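Novice: Predicted model and sequence follow; I will ask about them next.
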Amino acid sequence: MIQQLAHNGVTERSAPATRRPSFWPSVPNRLADLRIPKSVVVDLILRHLHLDGMTSLEVTSRTIRVSIPILDLLFRELRQQHLVEVKGAVGEDYAFILTNAGRDLATERFRVCRYVGPAPVSIRDYHLATKAQAASVDIDRNILRDALSDLVLSDHMLDQLGPAVVAQRSLFLYGPSGNGKTSLAERLLRIYRDSILIPHAVEVDGKIIVLYDPVVHQPIDREDPELDPRWMPCKRPFIMVGGELVASMLELHYDEAGGVFAAPMQMKANNGIFLIDDFGRQVLSPRELLNRWIVPLDRRVDYLTLSYGIKFQIPFEMMVVFSTNLNPDDLADATFLRRIQNKVFVEPVDVGTFNEIWRRVAIIKKLPYDPEIVDYVRSLVLSDGRSELRACYPLDLCNIIISISEYEKRPPQMTKADLQRAVNLYFTQSYQKNTMDHGW
C-alpha cells in the first residue's frame, strides 16, 4: 500500500517552523530564577576555570548559559572566599583566575564531575515544559495525504492513520514485510508544523543528566535574546531503534569518566516520535519491553533511578510506534495490546497501487516506462508460488535492472529478458525445485 520511492532515508518536505513554541522561558536574572541548587552553578564556574585558567564574566556566561547578573553575584562571593582573584578589568567585566585554594577546590570538584557546559534546568521545569509542549495535531485526509505525498496510499490507509495521528498516543503497524511500515512511520514526523524547546541538561538531586543529543535533536537557527539560553529550539525529535535495543538503553547511563548521566532513549524522544522497528526481533524480548513500558504507555509517566538508588519521575510524552511483520498475538497479550489503542494493518498492495509505484520509481530512476512491461513484471512476481504484490518490489527490481546495465556497460533497458533476470536475482527459489532442475 505504501512505498518509499527515492532512497532509504526520509526526505524532509516541510521547511523548519518559525512560529515561537508555546513554552518560552525568559532569561533568568536572579539566582532563584534558575530553580537549581546554587552549588551546581558554582561547581560549573569552578570547572570552567579549571579548564580555561583565566576567564571573564562574558566568556563564562557564554559557556554555562547563565546571565551576567547572576555570575557577577557568584563571582563576588567566590572572591570574598578567596577562591578567585582579578587579573584585570575591561569596563564592568573582569578577567579572573583561581587562587591556590580555588584550584584545590576546583580539582576536587572536577574529579567528581567533568561536565562543563550549559547549566541544567530543574527536573520540575522539565516536567512543566514537556507537558506544555505536548503535540496537538489538527489534520484531515487531505493534509495527511499532502504530508505523505511521496508514498502511494489508499484512502482506506489514510483514514486508519488519521485518528491515530490525532490521538498522539501509541500506534501499532503490522503486516507482511516490504509494504512500507518503516517508511510510513519515518514520515509521520512531517505532520508537526511547530518546534519545541529542549534543555541541554536536567538537574536531579544535584546531579546532571545530559539530554540534548546532536545526533537526535535538530536545532533551529533562531536567535532570541529573551530566551533562557539553557533551552535549545529544535524540531520535534524522531528516534528509531531496531534489533539493537537492549534494556540499558531505556535507563540512565552513568558516565564514570565524566561524572554525569546520559538520558535514556525515551527521554530524548519526548515531545516527538519513538519508533521501535522490527518489534519482536530486538535483543530485549517483547515481554521485557512491554513489562517495562506498561505503566508509561498507560499513564504517560516513566520512572528512572540514579546510580545510588534515588528514583524520580519523568514525562512519557511521545507517540510510540511499534512496527512488526510478526503476528501481534505472538508478541503481546491482550492486556498490553489494549494499551496500544491504534492498530493498523499494512497490507500487500493491489494492482493499481503497484502500477503507480512502478511508474513513480521509473520516473525517479530515469528508466523507460511502459504499462505493458508493468503487467509482465506483475506476472513474474506472482509466479513460482508467490501470491502477493509488495510495495517494495518496484524499487528493488528497478535497482537490480540498473545494476545489470552497469555490469554490462550499457544503458538500462526494460526488456523481458532483463526483467526475468532481475526477478530471478531478487527472489529465492525452492531448494527442491533447484535440485530437480540441476539434476542434483
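Specialist: On my side now, so go ahead.
Novice: Domains in this protein, by residue range?
Specialist: 37-117, 126-345, 351-437 (automatic domain parsing).
Novice: Ok, which of the ones you listed comes nearest residue 31?
Specialist: With respect to residue 31, and counting by Cβ to Cβ, the nearest of the domains of the chain is domain 37-117 at 5.4 Å. (C-beta placed from N, C-alpha, C; glycine too.)
Novice: which residues in the stretch 201-350 of the chain form helices?
Specialist: 265-268, 286-299, 328-331, 334-339 (DSSP state H, counting those that start in this stretch).
Novice: which ones are touching residue 25?
Specialist: 125, 129, 197, 227, 228, 231 (Cβ atoms under 8 Å, 6 or more residues apart in numbering).
Novice: out of those residues, who's nearest residue 191?
Specialist: Nearest to residue 191 among those, with distances taken as Cβ to Cβ, is residue 197, at 19.5 Å.
Novice: before we move on, what SS does that closest one have?
Specialist: Secondary structure, DSSP: H, G, I helix; E, B strand; the rest coil: residue 197 is strand.
Novice: right, and it touches residue 231 too?
Specialist: Yes - at 4.1 Å, residue 197 counts as touching residue 231 under the criterion of Cβ atoms under 8 Å.
Novice: joint contacts of those two?
Specialist: When contacts are counted by Cβ under 8 Å, 6+ apart, the set common to residue 197 and residue 231 consists of 25, 129.
Novice: thinking again about what came up before, nearest to residue 24, of the domains of the chain?
Specialist: Closest of the domains of the chain to residue 24 is domain 126-345, at 6.4 Å (criterion: Cβ to Cβ).
Novice: tell me the average confidence for that closest one?
Specialist: For domain 126-345, mean pLDDT rounds to 92.
Novice: Can you name the residues that contact residue 232?
Specialist: 197, 198, 199, 200, 212, 217, 219.
Novice: In PyMOL, select just the buried ones from those.
Specialist: Per 16 or more other Cβ atoms under 10 Å, the buried members of the contacts of residue 232 correspond to this PyMOL selection:
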select buried, resi 197+198+199+200+212+217
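Novice: Quick check: the farthest pair among the contacts of residue 232?
Specialist: Using Cβ to Cβ, the contacts of residue 232 reach their maximum pairwise distance at 199 and 219, which is 12.7 Å.
Novice: Tell me which stretches of the stretch 101-250 of the chain form strands.
Specialist: Taking DSSP state E, counting those that start in this stretch to define them, one finds strands in the stretch 101-250 of the chain at 121-122, 170-174, 195-199, 201-204, 207-210, 231-235, 238-241.
Novice: what would those strands look like in JSON lines with distance to residue 427?
Specialist: Listed next are the strands of the stretch 101-250 of the chain as JSON lines, based on distance: least, Cβ to Cβ, whole Å:
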{"stretch": "strand 121-122", "distance to residue 427": "54"}
{"stretch": "strand 170-174", "distance to residue 427": "23"}
{"stretch": "strand 195-199", "distance to residue 427": "45"}
{"stretch": "strand 201-204", "distance to residue 427": "51"}
{"stretch": "strand 207-210", "distance to residue 427": "47"}
{"stretch": "strand 231-235", "distance to residue 427": "39"}
{"stretch": "strand 238-241", "distance to residue 427": "28"}
